[in-house]
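1. here is the input, now give the coordinates:
(one chain, ligands or ions: 1)
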Amino acid sequence: MERATWLREIRRAAEERWDTRYAPSYDEHEGGSIDPVHRRFVTGVVEWTPPGGRVLDAACGTGRFFGIVLAAGRAVTGTDQSSGMLARAAEKHPEAVTEHVGLQELPYDAEFDAVICVDAMENVFPEDWPVVLANLRRAVRPGGEVYLTVERTPEPVLIGSFAEATAQGLPVVHGEMVARGGAGYHYYPPIGQVGAWIAGAGLDVVAEEEAPGEDDSYSYEHILLRRPAS
Ligand SMILES: C[S@@+](CC[C@H](N)C(=O)[O-])C[C@H]1O[C@@H](n2cnc3c(N)ncnc32)[C@H](O)[C@@H]1O
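-> Predicted coordinates for the structure are as follows:
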């Protein structure tokens, strides 16, 4: 199968899956709580923005972090490629702006004081990482902050998944994990590659911390970035 066609289908299926399978119950599972490290980073970014400032929550899902932003007196715009997830976010926080747009298509130009993109970059194909990072950088004003998480999983797991997917004839690259029957896709880039993409996008690293996920099978790299002031 040709890779470009396969990726288009993976993205279409993901949008449908988040709309129909996850949106109705996300808040009862992983979206229902915020672990201390995510909370610390998000709160730090929000408090760093000026009172009344604007925060973009890119790939916001059901708006898990909207409450933190709004309670601090900042405005929030949430974007997502799943209209089902966005509908839940808008229901819970009518005062937030929500827009149905993918990370790859974000149109904003220096409109926000800060951008957060949490637990979503694992859905982004390697080909799209530079585009998405450029979009996040452009969305924030010069001098503004960008917080993102990068999901990580042990290398032996990635080696096994790659072997299994290639045996099925799928046009994967190393680091991609595809659930059987196309029920899910994650990409785990090498952290050095992430650093190179970040530098290539013209973003400076302010802080970085690895913290465990909910179980031993994965962790998150929490990365705080800044768009240079000039
Ligand atoms: C695990 S949820 C995280 C949602 C929210 N950031 C949070 O932390 O609760 C992943 C979200 O990413 C969204 N997503 C996946 N791929 C996307 C893309 N290419 N552009 C925009 N949103 C995307 C999904 O629709 C889903 O809402």
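2. residue contacts, the residue nearest to residue 87 when sequence neighbours are not counted?
-> Leaving aside its sequence neighbours, residue 87 sits nearest to residue 23 (C-beta to C-beta, 6 or more residues apart in numbering; 7.1 Å). No exception for glycine: its C-beta is placed from N, CA and C like everyone else's. Residue 23 is in contact with 62, 82, 84-85, 87-88, counting by C-beta atoms under 8 Å, 6 or more residues apart in numbering.
3. just the buried ones from those residues, in PyMOL syntax?
-> Buried members of the contacts of residue 23, defined by 16 or more other C-beta atoms under 10 Å, are picked up in PyMOL with:
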select buried, resi 62+82+84+85+87+88
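4. got the buried residues for stretch 192-202?
-> For stretch 192-202, by 16+ other C-beta under 10 Å, it's 194, 197-198, 201.
5. which members of the residues you listed are the farthest-apart pair?
-> 194 and 201 (10.6 Å; C-beta to C-beta).
6. one step back: between the buried residues of stretch 192-202, which sits nearest residue 130?
-> Among those, residue 197 lies closest to residue 130 (C-beta to C-beta), at 5.7 Å.
7. nearest residue to the closest one in space, please, no chain neighbours.
-> Nearest one to residue 197, counting by C-beta to C-beta, 6+ apart, is residue 129 at 5.1 Å.
8. just to check, the one you found is in contact with residue 188?
-> No. Residue 129 is not in contact with residue 188 according to C-beta atoms under 8 Å; the separation is 11.8 Å.
9. remind me, longest strand of this structure?
-> strand 140-152 (DSSP state E).
10. return the residues of the protein in contact with the ligand.
-> Residues of the chain lying close to the ligand (C-beta under 6 Å from any ligand atom) are 14, 18, 31, 59-61, 64, 80-82, 85, 102-104, 118-120, 123.
11. distance from the centroid: which residue in the chain tops it?
-> Relative to the mean C-alpha coordinate of the chain, counting by C-alpha atoms, centre = their mean, the farthest residue is residue 167 (29.2 Å).
12. report pLDDT for that one.
-> Residue 167 carries a pLDDT value of 95.
13. which residues of the chain fall in strands?
-> Going by DSSP E, the chain shows strands at 54-58, 75-80, 97-100, 112-117, 140-152, 176-178, 185-187, 204-212, 219-226.
14. show residues contacting the second one.
-> Residues external to strand 75-80 that are found in contact with it (C-beta under 8 Å, 6+ apart): 18, 52-61, 63, 65-66, 69-70, 86, 89, 93, 96-103, 106, 112.
15. one more time with 6 Å
-> 54-60, 63, 66, 69, 86, 89, 96-99, 101 (C-beta atoms under 6 Å, 6 or more residues apart in numbering).
16. could you do the fourth one as well?
-> Residues lying outside strand 112-117 but in contact with it, judged by C-beta under 6 Å, 6+ apart, are 42, 45, 49, 53-59, 136, 139-140, 144-148.
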